[in-house]
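J.: starting from these lines, generate the structure:
(one chain, ligands or ions: 2)
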Amino acid sequence: MKFPGQRKHKHFFPVESRDPRLSELLPENKPLSGHICGIDQVLVDIEAHVDDSFLARHGLSRGHSMLLAADKAEGIYRELLARELIVSEFAGGTIGNTLHNYSVLADDRSVLFGVMSENIRVGSSPYRYLCTSSSRVDLNYLQPVAGSIGQCITLISPDGERSFAINKGMMDHLEPAHLDQAQIQTASALVLTAYLMRCEEHEPMRQSALQAAEWAREAGVPVVLTMGTRFIVEDRKDWWQQFIRDHVTLVAMNEDEALALTGIADPLLACERVLEWADLVLCTAGAAGLYLAGYVDDEHKRETSRLLLPGAIPEFNRYEYSRPMRQADCATPLKIYTHISPYMGGPERIKNTNGAGDAALAALLHDMAANDHHRHNVPGSVKHRARHLTYSSLSQVSKYANRVSFEVLVQHSPRLSRGLPEREDSLEEAYWAR
Ligand SMILES: Nc1ncnc2c1ncn2[C@@H]1O[C@H](COP(=O)(O)OP(=O)(O)OP(=O)(O)O)[C@@H](O)[C@H]1O
Ligand SMILES: O=c1[nH]cnc2c1ncn2[C@@H]1O[C@H](CO)[C@@H](O)[C@H]1O
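T.: Ligands and ions are numbered 1, 2, ... in the order given. Got it, this is the predicted structure:
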């Protein structure tokens, strides 16, 4: 496990070194290693740049992720191929991206549950998927299927907006029997997406997701839900609210999804509402940066030294230096919030916003897993006097998430090709020395 930013001087701890005090706690003096798990509709992103008339001609809605009949999707694919508009074919899927980015950032293992074609031809979509996934993403639990994984035709408009047209193949055929209970119950988090509930009635994906969430809950493993797109939430707002209440620890969404879920346009107020159902909320807001919201026990709150920010909740960032906790772990729960504007004001030129939100979530997951890693290896540390969800404060995590989103905005793929630059071992320095 590589630790998230600002660790080198102040907080880096020697779990890897032979500290005699650790030897007493851990006879083999070998750090226990953690992992996170996720379930995805395994698919590749086939990226092409088109103008909006292309979308209109094919009846595609801008910004949406639409499931298409196989022959329609193949027609679009053939047209893109004939006009030489396809620029890349990368492994995709909102959870696949998140696990990959987590593994790249943390240099640590993640476990993906989903399907994979049992026969793979060189150059085909499943082949591309395997070639462009981090070797730290454990693909050994994938369920073999006698057909194709999904294809997500990713159409980028001139303004960078992305619209997805999906040829689902067998991506929703994941059976509960192909989940691994022990992996899920020992993970630092289980990551799910709202897209999983979009399978057809007879397909097992929904059941698999619910089974995994149930196992995670039994073992106290945080369940993380990313909202996909607002169109999925809009139709079934009440159903999603109940789902979050029943199963979810952390909700990750953008401001459109937040509006669809809560009916509230202000991201801060939407976060406040979601805290009634979940313990931690990440809300990305495009050019307006991102918000994080959570709970801390009054006894463990820490006041910010930054300027207090105005907003729909006045001085909402007052306790942003606190490390978030589950509401149930607080004797006197206090809601805490932070906001951060885009890293360096955002890139000069955004290549593609696809996956910027997933990347922010991967950074947050990295900090959560780092906390677990530390708790298991240095159990007596003062850092674990109370049970916190993250290693760093809400404020510090937001800087890290923001920095990682930036990295995705300046590249083509939603998947990081490398970790953050080493010289940013002190994230703080890089952030302010501008
Ligand atoms: N136009 C922009 N200018 C500056 N920064 C941006 C811009 N768009 C996005 N960002 C950065 O990327 C982060 C995530 O962006 P956004 O809210 O667009 O995610 P998203 O819609 O969830 O993306 P996706 O669903 O494709 O993963 C923002 O919090 C911000 O830091
Ligand atoms: O229906 C879907 N299921 C799973 N992932 C999807 C779906 N539609 C789009 N994406 C994925 O979302 C990522 C960006 O956040 C894209 O990489 C795309 O593969």
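J.: Q151 - that's part of a strand, no?
T.: Yes: using DSSP: H, G, I helix; E, B strand; the rest coil, the assignment for Q151 is a strand.
J.: and it, how many neighbours?
T.: Burial of Q151 is recorded as 25 neighbouring residues (other Cβ atoms under 10 Å). In short, each C-beta sits where N, CA and C put it, glycine included.
J.: just M66 next, same as before
T.: When neighbours are defined as other Cβ under 10 Å, M66 has 17 of them.
J.: do you know how far it is from L60?
T.: From M66 over to L60 the distance is 6 Å, taken as Cβ to Cβ, to the nearest Å.
J.: now do T186
T.: Distance of T186 to L60, given as Cβ to Cβ: 42 Å.
J.: between those two, tell me which one has more neighbours.
T.: L60 (21 against 15).
J.: can you tell me the helix or strand for Y127?
T.: helix 125-131 (DSSP states H and E).
J.: which stretches in the stretch 1-150 of the chain count as strands?
T.: Using DSSP state E, counting those that start in this stretch, the strands found in the stretch 1-150 of the chain span residues 35-39, 43-49, 65-67, 86-91, 109-113, 115-117, 137-138, 143-145, 150-156.
J.: distance to ligand 2 added to those strands, as a markdown table?
T.: What follows is these, written out as a markdown table (distance: least, Cβ to the nearest ligand atom, whole Å):
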| stretch | distance to ligand 2 |
| --- | --- |
| strand 35-39 | 10 |
| strand 43-49 | 5 |
| strand 65-67 | 4 |
| strand 86-91 | 8 |
| strand 109-113 | 12 |
| strand 115-117 | 12 |
| strand 137-138 | 14 |
| strand 143-145 | 16 |
| strand 150-156 | 4 |
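J.: surely L361 touches V224?
T.: Yes: taking contacts as Cβ atoms under 8 Å, L361 lies within contact range of V224: 7.3 Å.
J.: ok, back up a step: shared neighbours of M66 and L60, anything?
T.: Jointly contacting M66 and L60 under the rule Cβ atoms under 8 Å, 6 or more residues apart in numbering are 163, 165.
J.: ok, now which ones touch the residue in the stretch 301-434 of the chain that ligand 1 sits nearest to?
T.: Among the residues of the stretch 301-434 of the chain, G357 lies closest to ligand 1, at 2.1 Å counting by Cβ to the nearest ligand atom. With contact taken as Cβ under 8 Å, 6+ apart, G357 is in contact with 226, 252-254, 284, 405.
J.: out of those, which is most surrounded?
T.: Greatest neighbour count in the contacts of G357, by other Cβ under 10 Å, goes to M253: 30 neighbours.
J.: restrict the contacts of G357 to those near ligand 1?
T.: Counting by Cβ under 6 Å from any ligand atom, 254, 284, 405 from the contacts of G357 sit close to ligand 1.
J.: next step: those residues restricted to strands.
T.: Among those, the members found in strands (DSSP state E) are 254, 284.
J.: redo the ones next to ligand 1 among the contacts of G357 as a markdown table? Include distance to E79 and pLDDT.
T.: Output for these, formatted as a markdown table (distance: Cβ to Cβ, whole Å; pLDDT from 0 to 100):
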| residue | distance to E79 | pLDDT |
| --- | --- | --- |
| N254 | 30 | 95 |
| T284 | 32 | 96 |
| S405 | 32 | 93 |
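J.: okay, the ones next to ligand 1 among the contacts of G357 in TSV with distance to G150 next?
T.: TSV is the format used below for the ones next to ligand 1 among the contacts of G357 (distance: Cβ to Cβ, whole Å):
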residue	distance to G150
N254	22
T284	24
S405	25
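J.: which of the ones next to ligand 1 among the contacts of G357 lies closest to ligand 2?
T.: Distances from ligand 2 to those, taken as Cβ to the nearest ligand atom, are shortest for N254 (9.6 Å).
J.: surely that closest one and A285 touch.
T.: Yes: with contact defined as Cβ under 8 Å, N254 counts as touching A285 (6.8 Å).
J.: where in the stretch 251-400 of the chain is pLDDT low?
T.: Residues of the stretch 251-400 of the chain meeting the criterion pLDDT under 70: 351-352.
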